[in-house]
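Here is a sequence with its predicted model. Questions after.
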Amino acid sequence: MVFSRIENVVMNNLSSICRAFLLMAFIMAVPFSSCWAQREGQKELLDRAYWEKSVEKLQQFFENWADEIPQNETEVANDTIAEAYSVFKAFYRPMQLELLTDSVYGEDTTLFMNKPFYIVQGTLWEVRVADEIPYTRAERDSFLVTRAREYKLEHPWIDLEEVIRDTFEYRPRFEYPSFPPFEYVPSRRVDSAIRFCPNVHFEGKKVVYLTPEYRVLLDKFMEKPGNSRDPNKLRELMPGYESGIRSDFLSWMALARRHNMKSWDYQTGPCVYGIILDSQFQRAVVLYYYRFVGYQATLLKEQGEWRVAKVVSTWIE
């Protein structure tokens, strides 16, 4: 009899625990299933817009996207990430690309001007903090000498004077003060692969954020094969032909360009992949690329506001 009562109590408690667990699982699953269903609906809407060649449905797709993914500046993890948002917003000028790129590479800097939607990156790959960021000529000269001496300690057989001489002879190849590339400035990582949706605004434009989920959705849309059954239209079956037509269709609202044979550029450039801050939050370096050229921009904080002080190219694909 006692054992029977114990068994009943245990079973009742287990039932309560199971019910609570199931309720919690349901509550947690509702937002996920809602987002999943919404993106599935978005996928179908984009496909339907394309096959019907409906610009109205394409615009609705982008409107839904803007409503689904809001800015997330209020959710930043710490002061350093908050400062990275401020740096990005001072730097990001898709309507003034001539200020952030080098005309020597011949890139068209007006491509985004007539697009009603801007696709802003939804991920920032890395934020770092350096003890100092050399900017003036004297600071950079000192930095170069210090790095040469550190190199001598790691490679005692080399001639220090020769290293310093080679370093200073190498520097003029870059538009001073671009050297050294800031990938080599000692710094520590604060965070990486950050979900990054800065609160940016542009007159006459709407902003959507390229989250990983939307990148997958767009990639799948772009790489779908054509549906031509006419053997006389063989070119429609060739790799890239259909995706080129899809790219042109998307470009009614935002620009999508093939970066290489394996990937697409959806972001309204430039695309930032790293931000380095000094420990006092008075200087910053933005590492970014536009099309096939990499750049670094040095920003200085003056009277509490960030401004772009210097832009130089650092690599090219």
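Yep, that arrived.

In the chain, mark out all the helices, start to finish.
Listed from the start of the chain, the chain has helices (DSSP state H) covering 2-52, 55-68, 79-91, 137-154, 160-170, 212-222, 241-250.

Now do the buried residues in the fourth one.
Think helix 137-154. Buried residues in helix 137-154, defined by neighbour count with 16 or more other CB atoms under 10 Å: 140, 143, 144, 147, 148, 152. Yep, even glycine has a C-beta here, placed from its N, CA and C like the rest.

Distance check, the nearest residue to the second one once chain neighbours are set aside against residue 285.
The one in question is residue 143. Closest residue to residue 143 apart from its sequence neighbours, by CB to CB, 6 or more residues apart in numbering: residue 134 at 4.3 Å. Between residue 134 and residue 285 the distance is 10 Å, computed by CB to CB, to the nearest Å.

Between these two, which is the more surrounded one?
residue 285 (24 against 21; other CB atoms under 10 Å).

Return the residues in contact with the more buried one.
133, 182, 185, 275, 276, 296, 297, 298, 299 (CB atoms under 8 Å, 6 or more residues apart in numbering).

Of these, which is the most crowded?
residue 275 leads the contacts of residue 285 on contacts (other CB under 10 Å) with 29 neighbours.

tell me which residues of the top strand by length along the chain are tucked away?
In the chain, with assignment by DSSP state E, the single longest strand is strand 305-316. By 16+ other CB under 10 Å, the buried positions in strand 305-316 come out as 306, 308, 311, 312, 313, 314.

Leaving out the residues flanking it, which one is nearest to residue 72?
Distances taken as CB to CB, 6+ apart put residue 197 closest to residue 72, at 4.4 Å, once the chain neighbours are dropped.

Quick check, the one you found in contact with residue 123.
No. Contact between residue 197 and residue 123 fails when scored by CB atoms under 8 Å: they sit 9.3 Å apart.

which of the two has more neighbours?
Each of residue 197 and residue 123 has its neighbours counted (other CB under 10 Å); residue 197 has more, 23 against 18.

count of neighbours near residue 223?
Counted with other CB under 10 Å, residue 223 comes out at 13.

OK, contacts around it?
residue 243.
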